[in-house]
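>>> could you work out the structure for the sequence below:
(one chain, ligands or ions: 1)
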Amino acid sequence: MAWSLMEEFGTGDPVTEKRLRATTATVYLGTLVPLLARVLGRPAYISPGGAETSASALHTFFLAMVLHPEVQAKAREELDRVVGAHRLPTFDDFGSIPYIDAIVKEVLRWYPIVPILMPHKLSEDDVYDGYLLEKGSFVMVNIWAILHDEQRYSDPFAFNPDRFIKDGVLDPEMFDPEEVAFGFGRRVCPGRHLAYETVWIMIASVLSCFDIGKLKTEDGQDMELREDFVSSFVCEPNPFKCEIRPRSQQHLELFAHP
Ligand code: HEM
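Numbers count the residues shown, from 1 in each chain. Okay, the predicted model is just below:
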(Lines give C-alpha, C1' and ligand atoms only; values in the text may rest on other atoms or scores of the structure.)
Protein backbone atom coordinates (compact mmCIF):
# COMPACT_ATOMS: atom_id res chain seq x y z
CA MET A 1 0.00 0.00 0.00
CA ALA A 2 2.82 2.40 0.92
CA TRP A 3 4.46 1.84 -2.46
CA SER A 4 1.35 2.55 -4.52
CA LEU A 5 0.67 5.64 -2.39
CA MET A 6 4.19 6.84 -3.13
CA GLU A 7 3.77 6.20 -6.83
CA GLU A 8 0.61 8.29 -6.79
CA PHE A 9 1.55 11.06 -4.34
CA GLY A 10 5.31 10.68 -3.96
CA THR A 11 7.34 13.77 -4.75
CA GLY A 12 10.74 12.17 -4.63
CA ASP A 13 11.30 14.20 -1.44
CA PRO A 14 12.72 11.74 1.15
CA VAL A 15 10.99 13.50 4.09
CA THR A 16 7.56 13.32 2.42
CA GLU A 17 8.13 9.71 1.50
CA LYS A 18 9.28 8.82 5.01
CA ARG A 19 6.04 10.39 6.33
CA LEU A 20 3.92 8.49 3.82
CA ARG A 21 5.55 5.24 4.89
CA ALA A 22 5.15 6.00 8.60
CA THR A 23 1.49 7.03 8.18
CA THR A 24 0.64 3.87 6.30
CA ALA A 25 2.38 1.75 8.93
CA THR A 26 0.41 3.51 11.69
CA VAL A 27 -2.91 2.81 9.99
CA TYR A 28 -1.84 -0.79 9.38
CA LEU A 29 -0.71 -1.37 12.95
CA GLY A 30 -3.66 0.52 14.41
CA THR A 31 -6.43 -1.29 12.60
CA LEU A 32 -5.59 -4.16 10.26
CA VAL A 33 -3.13 -6.15 12.36
CA PRO A 34 -5.33 -6.40 15.48
CA LEU A 35 -8.45 -7.17 13.42
CA LEU A 36 -6.64 -9.91 11.50
CA ALA A 37 -5.22 -11.26 14.75
CA ARG A 38 -8.77 -11.54 16.14
CA VAL A 39 -10.02 -13.33 13.03
CA LEU A 40 -7.07 -15.75 13.05
CA GLY A 41 -7.26 -16.19 16.83
CA ARG A 42 -3.68 -15.01 17.30
CA PRO A 43 -2.51 -12.43 19.88
CA ALA A 44 -1.54 -8.95 18.67
CA TYR A 45 0.71 -6.89 20.88
CA ILE A 46 0.57 -3.17 21.49
CA SER A 47 2.84 -0.97 19.47
CA PRO A 48 3.02 2.79 19.88
CA GLY A 49 0.11 4.60 18.32
CA GLY A 50 -3.05 2.71 19.07
CA ALA A 51 -2.52 -0.86 17.87
CA GLU A 52 -5.19 -3.17 19.33
CA THR A 53 -7.56 -0.35 20.12
CA SER A 54 -10.26 -0.62 17.42
CA ALA A 55 -10.21 -4.42 17.68
CA SER A 56 -10.52 -4.13 21.48
CA ALA A 57 -13.57 -1.89 21.09
CA LEU A 58 -15.21 -4.49 18.85
CA HIS A 59 -14.31 -7.25 21.28
CA THR A 60 -16.03 -5.27 24.06
CA PHE A 61 -19.03 -4.72 21.76
CA PHE A 62 -19.49 -8.47 21.19
CA LEU A 63 -19.38 -9.16 24.94
CA ALA A 64 -21.89 -6.37 25.60
CA MET A 65 -24.24 -7.80 22.97
CA VAL A 66 -24.10 -11.31 24.42
CA LEU A 67 -24.91 -9.90 27.85
CA HIS A 68 -27.61 -7.50 26.57
CA PRO A 69 -29.94 -9.04 23.98
CA GLU A 70 -32.41 -6.19 24.65
CA VAL A 71 -29.85 -3.72 23.21
CA GLN A 72 -29.50 -5.85 20.08
CA ALA A 73 -33.28 -5.92 19.67
CA LYS A 74 -33.51 -2.13 19.89
CA ALA A 75 -30.65 -1.62 17.43
CA ARG A 76 -32.22 -4.07 15.00
CA GLU A 77 -35.58 -2.35 15.17
CA GLU A 78 -33.83 0.91 14.17
CA LEU A 79 -31.74 -0.74 11.45
CA ASP A 80 -34.71 -2.59 9.93
CA ARG A 81 -36.80 0.58 9.96
CA VAL A 82 -34.17 2.94 8.50
CA VAL A 83 -31.83 0.75 6.44
CA GLY A 84 -34.14 -2.19 5.61
CA ALA A 85 -33.21 -5.78 4.82
CA HIS A 86 -31.98 -5.32 1.24
CA ARG A 87 -28.71 -3.50 1.79
CA LEU A 88 -25.99 -3.05 4.41
CA PRO A 89 -25.71 0.25 6.33
CA THR A 90 -23.35 2.79 4.73
CA PHE A 91 -21.85 6.08 5.88
CA ASP A 92 -24.80 7.80 4.19
CA ASP A 93 -26.86 6.46 7.12
CA PHE A 94 -24.73 8.49 9.54
CA GLY A 95 -27.09 10.67 11.57
CA SER A 96 -30.15 8.50 10.79
CA ILE A 97 -29.40 5.58 13.13
CA PRO A 98 -28.59 7.31 16.45
CA TYR A 99 -28.98 4.15 18.54
CA ILE A 100 -25.90 2.71 16.76
CA ASP A 101 -23.96 5.86 17.76
CA ALA A 102 -25.25 5.38 21.29
CA ILE A 103 -23.88 1.81 21.30
CA VAL A 104 -20.47 3.01 20.03
CA LYS A 105 -20.37 5.71 22.73
CA GLU A 106 -21.37 3.24 25.44
CA VAL A 107 -18.69 0.78 24.26
CA LEU A 108 -16.10 3.59 24.58
CA ARG A 109 -17.46 4.51 28.04
CA TRP A 110 -18.33 1.17 29.69
CA TYR A 111 -14.78 -0.25 29.60
CA PRO A 112 -12.64 2.55 28.13
CA ILE A 113 -10.02 1.03 25.82
CA VAL A 114 -7.22 3.12 27.34
CA PRO A 115 -8.38 3.55 30.97
CA ILE A 116 -5.31 5.50 32.11
CA LEU A 117 -3.56 7.71 29.57
CA MET A 118 0.16 7.41 29.09
CA PRO A 119 2.24 9.90 31.10
CA HIS A 120 2.62 13.40 29.68
CA LYS A 121 5.54 15.53 30.90
CA LEU A 122 4.72 19.15 31.64
CA SER A 123 6.83 21.56 29.59
CA GLU A 124 5.93 24.44 31.96
CA ASP A 125 4.45 25.03 35.42
CA ASP A 126 0.66 24.66 35.50
CA VAL A 127 -2.05 25.11 38.09
CA TYR A 128 -4.99 22.71 38.28
CA ASP A 129 -7.78 23.06 40.82
CA GLY A 130 -5.50 25.11 43.10
CA TYR A 131 -2.59 22.64 42.87
CA LEU A 132 0.73 23.71 41.41
CA LEU A 133 2.00 21.14 38.91
CA GLU A 134 5.68 21.84 38.34
CA LYS A 135 7.40 21.82 34.98
CA GLY A 136 8.87 18.35 34.41
CA SER A 137 6.14 16.52 36.37
CA PHE A 138 4.34 13.61 34.75
CA VAL A 139 0.56 13.79 34.45
CA MET A 140 -1.58 10.70 33.84
CA VAL A 141 -5.28 11.20 33.19
CA ASN A 142 -7.71 8.72 34.75
CA ILE A 143 -10.16 8.20 31.89
CA TRP A 144 -11.86 5.37 33.78
CA ALA A 145 -12.83 7.73 36.62
CA ILE A 146 -14.12 10.41 34.23
CA LEU A 147 -16.29 7.91 32.37
CA HIS A 148 -17.63 6.27 35.57
CA ASP A 149 -18.42 9.47 37.41
CA GLU A 150 -21.96 9.22 38.81
CA GLN A 151 -22.36 12.98 38.44
CA ARG A 152 -22.19 12.46 34.68
CA TYR A 153 -23.64 9.01 34.23
CA SER A 154 -26.23 7.39 36.48
CA ASP A 155 -25.56 3.71 37.25
CA PRO A 156 -22.15 4.06 35.52
CA PHE A 157 -21.19 0.38 35.62
CA ALA A 158 -24.27 -0.70 33.64
CA PHE A 159 -24.07 -1.06 29.85
CA ASN A 160 -26.91 1.22 28.79
CA PRO A 161 -26.75 3.00 25.39
CA ASP A 162 -30.12 4.63 26.15
CA ARG A 163 -28.33 7.08 28.43
CA PHE A 164 -27.20 8.90 25.24
CA ILE A 165 -30.68 9.08 23.69
CA LYS A 166 -33.36 11.67 24.38
CA ASP A 167 -36.60 11.95 22.39
CA GLY A 168 -35.28 9.49 19.80
CA VAL A 169 -32.08 11.42 19.01
CA LEU A 170 -28.62 11.70 20.57
CA ASP A 171 -28.87 13.84 23.70
CA PRO A 172 -26.58 16.88 23.19
CA GLU A 173 -26.54 17.47 26.96
CA MET A 174 -24.93 14.14 27.72
CA PHE A 175 -21.15 14.15 28.20
CA ASP A 176 -19.72 12.43 25.11
CA PRO A 177 -17.09 9.74 25.91
CA GLU A 178 -15.38 10.61 22.61
CA GLU A 179 -14.25 13.83 24.34
CA VAL A 180 -11.87 11.87 26.57
CA ALA A 181 -11.53 8.27 25.30
CA PHE A 182 -9.00 9.36 22.65
CA GLY A 183 -6.88 11.63 24.86
CA PHE A 184 -6.50 15.39 24.67
CA GLY A 185 -4.54 18.29 23.24
CA ARG A 186 -1.50 17.99 21.04
CA ARG A 187 -1.15 14.25 21.57
CA VAL A 188 -4.83 13.43 21.04
CA CYS A 189 -5.28 10.22 19.05
CA PRO A 190 -4.87 11.10 15.35
CA GLY A 191 -6.79 7.95 14.42
CA ARG A 192 -9.91 8.88 16.39
CA HIS A 193 -12.22 9.64 13.45
CA LEU A 194 -11.07 6.57 11.55
CA ALA A 195 -11.49 4.52 14.73
CA TYR A 196 -14.99 5.82 15.44
CA GLU A 197 -16.14 5.23 11.88
CA THR A 198 -14.56 1.76 11.69
CA VAL A 199 -16.27 0.69 14.90
CA TRP A 200 -19.56 2.35 13.85
CA ILE A 201 -19.80 0.65 10.44
CA MET A 202 -18.77 -2.74 11.87
CA ILE A 203 -21.39 -2.55 14.63
CA ALA A 204 -24.11 -1.39 12.24
CA SER A 205 -23.27 -4.11 9.69
CA VAL A 206 -22.96 -6.93 12.22
CA LEU A 207 -26.22 -6.04 13.97
CA SER A 208 -28.03 -5.76 10.63
CA CYS A 209 -27.21 -9.35 9.74
CA PHE A 210 -26.43 -11.39 12.85
CA ASP A 211 -27.83 -12.41 16.23
CA ILE A 212 -25.18 -12.61 18.90
CA GLY A 213 -25.98 -14.87 21.82
CA LYS A 214 -24.75 -17.21 24.51
CA LEU A 215 -23.61 -20.71 23.59
CA LYS A 216 -25.68 -23.58 24.96
CA THR A 217 -24.35 -26.26 27.28
CA GLU A 218 -24.92 -29.93 26.39
CA ASP A 219 -28.17 -29.96 28.38
CA GLY A 220 -29.48 -26.90 26.50
CA GLN A 221 -28.80 -24.27 29.19
CA ASP A 222 -27.23 -20.88 28.38
CA MET A 223 -23.50 -20.90 29.14
CA GLU A 224 -22.66 -18.41 31.86
CA LEU A 225 -20.59 -15.39 30.82
CA ARG A 226 -19.11 -12.70 33.03
CA GLU A 227 -17.69 -9.21 32.57
CA ASP A 228 -14.13 -10.47 32.62
CA PHE A 229 -11.61 -7.95 31.30
CA VAL A 230 -7.83 -7.94 30.80
CA SER A 231 -6.18 -5.57 33.22
CA SER A 232 -3.47 -3.92 31.18
CA PHE A 233 -2.63 -0.76 29.29
CA VAL A 234 -5.40 -1.55 26.78
CA CYS A 235 -8.62 -2.78 28.33
CA GLU A 236 -10.56 -5.54 26.54
CA PRO A 237 -12.46 -8.71 27.47
CA ASN A 238 -10.58 -11.92 28.14
CA PRO A 239 -11.33 -14.44 25.35
CA PHE A 240 -14.87 -15.81 25.52
CA LYS A 241 -17.10 -17.96 23.35
CA CYS A 242 -20.44 -16.91 21.93
CA GLU A 243 -22.77 -17.77 19.09
CA ILE A 244 -22.95 -15.48 16.04
CA ARG A 245 -25.90 -16.60 13.94
CA PRO A 246 -27.11 -15.06 10.63
CA ARG A 247 -30.62 -13.66 11.06
CA SER A 248 -31.66 -15.42 7.84
CA GLN A 249 -30.17 -16.83 4.64
CA GLN A 250 -30.91 -13.48 2.98
CA HIS A 251 -28.93 -11.61 5.69
CA LEU A 252 -26.02 -14.02 5.32
CA GLU A 253 -25.89 -13.46 1.55
CA LEU A 254 -26.15 -9.72 2.05
CA PHE A 255 -23.18 -9.75 4.43
CA ALA A 256 -21.10 -12.04 2.18
CA HIS A 257 -21.93 -10.20 -1.08
CA PRO A 258 -22.98 -6.65 -0.16
C1 HEM B 1 -11.14 2.82 19.52
C2 HEM B 1 -9.96 3.03 18.98
C3 HEM B 1 -8.89 3.94 19.57
C4 HEM B 1 -8.75 4.48 20.83
C5 HEM B 1 -9.70 4.33 22.02
C6 HEM B 1 -7.51 5.24 20.83
C7 HEM B 1 -7.06 5.94 21.92
C8 HEM B 1 -5.85 6.62 21.95
C9 HEM B 1 -5.34 7.31 23.10
C10 HEM B 1 -6.05 7.39 24.44
C11 HEM B 1 -4.14 7.83 22.76
C12 HEM B 1 -3.19 8.62 23.67
C13 HEM B 1 -3.52 10.09 23.66
C14 HEM B 1 -2.73 10.82 24.70
O15 HEM B 1 -1.59 10.44 24.98
O16 HEM B 1 -3.26 11.78 25.25
C17 HEM B 1 -3.88 7.48 21.39
C18 HEM B 1 -2.75 7.83 20.68
C19 HEM B 1 -2.51 7.48 19.39
N20 HEM B 1 -3.36 6.79 18.53
FE21 HEM B 1 -5.17 6.06 19.01
N22 HEM B 1 -6.92 5.14 19.60
C23 HEM B 1 -7.72 4.37 18.79
C24 HEM B 1 -7.49 4.03 17.47
C25 HEM B 1 -6.41 4.45 16.73
C26 HEM B 1 -6.21 4.13 15.33
C27 HEM B 1 -7.18 3.35 14.48
C28 HEM B 1 -5.02 4.71 14.98
C29 HEM B 1 -4.32 4.72 13.65
C30 HEM B 1 -4.94 4.56 12.52
C31 HEM B 1 -4.48 5.37 16.15
C32 HEM B 1 -3.29 6.06 16.18
C33 HEM B 1 -2.77 6.67 17.31
C34 HEM B 1 -1.46 7.32 17.35
C35 HEM B 1 -0.46 7.42 16.21
C36 HEM B 1 -1.30 7.83 18.65
C37 HEM B 1 -0.10 8.60 19.23
C38 HEM B 1 -0.33 10.09 19.09
C39 HEM B 1 0.79 10.92 19.71
O40 HEM B 1 1.41 10.46 20.66
O41 HEM B 1 1.02 12.03 19.23
N42 HEM B 1 -5.35 5.19 17.18
N43 HEM B 1 -4.95 6.74 20.91
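>>> which intervals of the stretch 101-250 of the chain have sub-threshold pLDDT?
Of all residues in the stretch 101-250 of the chain, none has pLDDT under 70.
>>> now D92: how far from the ligand?
22 Å (Cβ to the nearest ligand atom, to the nearest Å). Quick note: C-beta positions are derived from backbone N, CA and C, even for glycine.
>>> pull the number of nearby residues for that residue.
Residues lying near D92 (other Cβ atoms under 10 Å) number 8.
>>> what ranges does the stretch 151-258 of the chain have for its strands?
165-166, 169-170, 210-213, 243-246 (DSSP state E, counting those that start in this stretch).
>>> ok, and which of those has the densest surroundings?
The highest average neighbour count among those, using mean count of other Cβ atoms under 10 Å, belongs to strand 210-213 at a mean of 18.
>>> picking that back up, out of the strands of the stretch 151-258 of the chain, nearest to E179?
Closest approach to E179 among the strands of the stretch 151-258 of the chain (Cβ to Cβ): strand 169-170, 13.6 Å.
>>> residues in contact with the closest one?
Identification of contacts with strand 169-170 by Cβ atoms under 8 Å, 6 or more residues apart in numbering yields P98, D101, A102, F164.
>>> any idea how far that strand is from the chain center?
Relative to its chain's centre, strand 169-170 lies at 19 Å (Cα atoms, centre = their mean, to the nearest Å).
>>> next: stretch 176-187.
With Cα atoms, centre = their mean as the basis, the mean position of stretch 176-187 lies at 13 Å from the chain mean.
>>> quick one: that stretch near the ligand?
Yes: counting by Cβ under 6 Å from any ligand atom, the ligand has neighbours in stretch 176-187: A181, F182, G183, F184, R187.
>>> OK, contacts around the fourth one?
Neighbouring residues of F184 by Cβ under 8 Å, 6+ apart: V141.
>>> let's see it at 10 Å
L117, H120, V141, I143 (Cβ atoms under 10 Å, 6 or more residues apart in numbering).
>>> just give me the neighbour total for V15.
Neighbours of V15 using other Cβ under 10 Å come to 8.
>>> try V127
Neighbour tally, V127, other Cβ under 10 Å: 8.
>>> check which helix or strand covers it.
Per DSSP states H and E, V127 falls inside strand 126-128.
>>> show me what that strand is in contact with.
With Cβ under 10 Å, 6+ apart, strand 126-128 has contacts from L132, L133, E134, K135, S137, V139.
>>> the second one pairs with what?
In this structure, L133 has beta-bridge partners D126, where bridges are defined by DSSP bridges.
>>> hmm, A181 and T60 touching each other?
No: when contacts are counted by Cβ atoms under 10 Å, T60 is not listed as touching A181 (11.6 Å).
>>> quick one: contacts for R87?
With Cβ under 10 Å, 6+ apart, R87 has these contacts: D93, S208, L254, P258.
>>> correction: the previous question concerned G183.
G50, V114, L117, M118, H120, V141, I143, C189, P190, R192.
>>> restrict those to those near the ligand?
Among those, the ligand is touched by G50, V114, L117, M118, C189, P190 when using Cβ under 6 Å from any ligand atom.
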